[in-house]
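Undergrad: Sequence and predicted model, in that order:
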Amino acid sequence: MVSFQLTEEQESLKEMVAKFVQNDMLPVAAKFDESGEFPFDVIKKAWELGLMNIAVPPKFGGLGLGVLDDVIINEEMGAGCLGITTSIAVNTLGLYPILLFGTDDQIKEFVTPFLEQPLLASFCLTEPGAGSDAGALSTAAKEDGNDYILNGSKMWITNAGHASLFTVFATVDKALKQKGIICLAVKADTPGIQLGKPENKLGQRASDTRAITFENVRVPKKNLIGKVGEGFKVALRTLDRTRTPIAAGAVGAARAAMMHSIRYAKERKQFNQPIANFQAIQFMLADMATKIEASRGLCYRAGSLLDAGFDEAANLASSHAKRFSADMAMEVATDAVQIFGGYGYTKEYPVEKIMRDVKLVQIYEGTSQIQRVVIARHLLKD
Amino acid sequence: MNVFVLLKQVPDTETKIRIKGDGSGIESGDIKWVLNPYDEFAIEEGIKTKEKLKEGAVTVVGCGPDRVVDALRTAVAMGADNAIHIKAEDTLDTYLVGKALAAACKKENAELILSGKQAIDDDQAAVFGFVAEFLDVPSISVVVKIDIAADKKSLKAEREVEGGTKHIIESSLPAVIAVNKGINSPRYASLPGIMKAKKKEIKTYTLADLGLGSESARTKDSAYALPPERKAGIKIAGDAKAQAHELVRLLREEAKVI
Amino acid sequence: MASETVLIGEVKDGHLKRVTFEILGEALRQGVEPTVVLLGQNLKEDLKAELGQHGASKVVFLEHEALASYSTEGFANALHAFLSPLNPSAVIAGATSQGKDYLPRLAAKLGVGFAADCTEFKIAPGAVSARRPVYAGKCSKQVNFLQGAAVFSIRPNVLAVSTVHAKTATIQKVAANPGTIRAKLVETKASAAKKVELTEADVIVSGGRSLKSADAFKILFEMADTIGAAVGASRAAVDAGYAPHDMQVGQTGKTVSPKLYIACGISGAIQHLAGMRTSKVIVAINKDPEAPIFSKADYGIVGDLFELVPLLTAELKALKAKS
């Protein structure tokens, strides 16, 4: 039987992140949401506290922590601001390809600088014409002597405007479909990279999301991560590890929405009593709580399985976690706005922001529909 | 410089206080125990002092049951070098806690002893004074700034008194300084700090180890009680002059807030 | 001798702090005649008269050059040297900045227990106890003193001042022994007249849209000044331009938790309440008897704030003069 108890260090970690969120994230969240400015100081503080790049193994100077620890960190940060959380958390997405498939020399070259300074990395897979169907990407990597020449464009890339490293997925031969995909570590200062303007998004507005165009970008072959034709596998394995922490962010956001709703329901009086006395409200709150408990359980389970090395079981568990957490967070946030009534619909109260922020979780890191495809495929296989 | 920080583990400020049936204390079942917030300022000041002097070590010492070790580890995660746990029951009073902490400080040759201005559960602001007395060293309370002399034999402390006035006190070292909020911004435990603290060996003493086996408490608590229920609001009657007079009277004599 | 109660009075600017009379009052009501001890240098005779008027019969002036100004060690040492041979059953002082500072050291010197900031005490033969708030005032407990002198401090402005008729107080002048003072006052920095920060203020006076102009806020500032309070505003007042945003209390303004919150011309919409609901005591002044704020207020006055605020200011000034 599995114990759902966190270790002492995990409890300390949770407390520390909650404090960081309370003191450094929450006071500025509304400001960054309004302006769309990049929350660099908050990211820097997270880095100083050691909350970024936790998976880097000790032999390279990192803490070598696991997915469950990442889940704990992301839930707490999600309860603060999902936009800022995404900016912080997406580093794992950008660096995992190298950590999982890079050589020791590549890890030393590309990853260790992230331990020395608050640098950012971006994971570049999605394209204007390749979202859920990521395997149909068309950014081309043409061999030229000791280099690859990259041409193509990527879309919806987080932290693009501030990254020092891009992990780019490109194809050496479209005819080979997924088997033609490679992964390249591309330094952001390489000539030929053009950044688009930051997208003007509905939510998670503190997160920098842009299109990137690669025009004859020369990348040395030694920057190839994994083998030729292995690129798609690199992408999928990476997503397998980040899917659950992302889901945990939604759990945190939902939890925050619920806590706001509980407080408001006790204060707001209509018909001479707090609205918390009405069963309609009570049932909404109860359902919020159950959904959050269930999602957290799914995230903890997926995280524990990954950390224990049960990759296949873990990947399925993480699909459940992502799909359920994202969808339930959207339900919870919507209900929170409902409980607040007119006040919830204004920016004066924090719940409309949570609703706008969690919508994106149903879309990125594998849409809720793709997660269902994965789960159904598993259920129906022979 | 051997910097010591006295710390206490207290119930989190959000704790809902429920009194035991027999009135002998509060129900401890649901309590979330945390490092006393004022002690965080003391720990930060200790670490900053060591950083400024570029030498020495910061040792945190706490007295109480086994759960106190969590607070000690949090301090180590913040950056304290060593931790001492004086194992004792919850029922020690100010006198005994003072004796125990002083004994530990003496045993380990503490030179600068810092503490938070008060513990947020007992709110007495007294233990550090007892410690200073038992060590026969000066003490300064409600301090918002500390400057250690270059020869490390004395220090100047800025102390807050009533009416926003500040007193600058010069004292010889060793001394006990109780710090107030505003002296610094306590750093958080970092994640690497938390990992390191997990492995840190914590020195443990019993009261007997400190020569206090036969000492006993000087006070005993009883009759815990909740404050009277907040009364329903009243509307003050009369003409404006009478209303103003009555309000001020009530605020002074009944509510006791002015 | 062994059952003597000693009350350490505090002198400020040539007279006794009110808390001395509050403690004296309670002791006398319990049938105890405490010895009042004052520390200083060249203490004035009229202090004896002041004490006598409040019912003190025994006064000791503990004097020494070194005690002309306050020091932790000077006071603790001098009191210890004087009290130790008396073997008192109780030693009480006001929980003022000084009292909070030297009393624990005195208790430690006497090797006894200590209770700070008490709101009640009971002196019975062989049994002294005091009640004090704990957990930030969420509850209180009784502290029972088991051996030796009961040393405790009393929270100012809780006990009633003595109403006992005048007595003739006898003074005993004693040369104090302040011992070695290793921590000395070298400089005093007066507080710069700075605005009390809203989120840290103990008392807040707040104005709503009924103030009708930025200029009108002057009357609130005047009232606030008499009691060292900060001034806040509701969102409606800020939106109308009567006060700057940094004065706003409420959902999108600051969240405050003072001991006393006086809401003038504020209706009490839920956004405002969110910012001040944890205030210990809430006073509401509003023309509209149905204003929601009255349901949250401990004390409400239905009336015109332009009439009431100046009257309150005058009352508060008078009260201050009496303290």
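TA: Nice, thanks for sending it over. What you are looking at is a predicted structure, and each value in this text was computed from that prediction instead of being measured.

Undergrad: What ranges does the stretch 201-350 of chain A have for its strands?
TA: A:209-220, A:224-225, A:269-270, A:273-274 (DSSP state E, counting those that start in this stretch).

Undergrad: Any idea how many residues pack against residue 90?
TA: You didn't pick a chain, so chain A it is. 25 (other C-beta atoms under 10 Å in any protein chain shown). In short, each C-beta sits where N, CA and C put it, glycine included.

Undergrad: The intended chain is chain C.
TA: Neighbour count for residue C:90, taken as other C-beta under 10 Å: 21.

Undergrad: Likewise for residue C:318?
TA: Other residues close to residue C:318 by other C-beta under 10 Å number 12.

Undergrad: can you give me the helices for the stretch 1-150 of chain A?
TA: A:8-20, A:26-35, A:40-48, A:67-78, A:82-101, A:104-106, A:113-116 (DSSP state H, counting those that start in this stretch).

Undergrad: hmm, I was thinking of the stretch 51-200 of chain C
TA: Secondary structure of the stretch 51-200 of chain C (DSSP H, counting those that start in this stretch): helices at C:72-83, C:97-110.

Undergrad: Which strands or helices does the longest one pack on?
TA: The contact analysis (3 or more C-beta pairs under 8 Å, 6 or more residues apart in numbering or on different chains; DSSP states H and E) places helix C:97-110 against helix B:94-107, helix B:127-135, strand B:139-148, helix C:72-83, strand C:90-94, strand C:114-118, strand C:150-154.

Undergrad: Would you mind writing the CA trace of it as PDB?
TA: The C-alpha trace of helix C:97-110 is given here as PDB (Å, rounded to 0.1, in the frame of the first residue of the first chain):
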ATOM      1  CA  SER C  97       8.500  50.000  27.600                       C
ATOM      2  CA  GLN C  98      10.500  50.100  30.800                       C
ATOM      3  CA  GLY C  99       8.500  47.600  32.800                       C
ATOM      4  CA  LYS C 100       8.600  45.100  30.000                       C
ATOM      5  CA  ASP C 101      12.400  45.500  29.900                       C
ATOM      6  CA  TYR C 102      13.700  45.300  33.500                       C
ATOM      7  CA  LEU C 103      11.100  43.200  35.200                       C
ATOM      8  CA  PRO C 104      12.100  39.800  33.700                       C
ATOM      9  CA  ARG C 105      15.700  40.400  34.800                       C
ATOM     10  CA  LEU C 106      14.500  41.300  38.300                       C
ATOM     11  CA  ALA C 107      12.500  38.100  38.400                       C
ATOM     12  CA  ALA C 108      15.400  36.000  37.200                       C
ATOM     13  CA  LYS C 109      17.600  37.700  39.900                       C
ATOM     14  CA  LEU C 110      15.100  36.700  42.500                       C
END
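
Undergrad: So residue A:59 versus chain C, what's the distance?
TA: Computed as C-beta to the nearest C-beta, to the nearest Å, the residue A:59 to chain C distance reads 47 Å.

Undergrad: And residue B:149, by the same measure?
TA: Taking C-beta to the nearest C-beta, one finds residue B:149 at 12 Å from chain C.

Undergrad: quick one, what contacts the residue lying closest to residue A:61 once chain neighbours are set aside?
TA: In this structure, residue A:61 finds its nearest non-sequential neighbour in residue A:115, 5.1 Å apart by C-beta to C-beta, 6 or more residues apart in numbering or on different chains. Contacts for residue A:115 (C-beta atoms under 8 Å, 6 or more residues apart in numbering or on different chains) come out as A:53, A:56, A:60, A:61, A:62.

Undergrad: Done for today, thanks.
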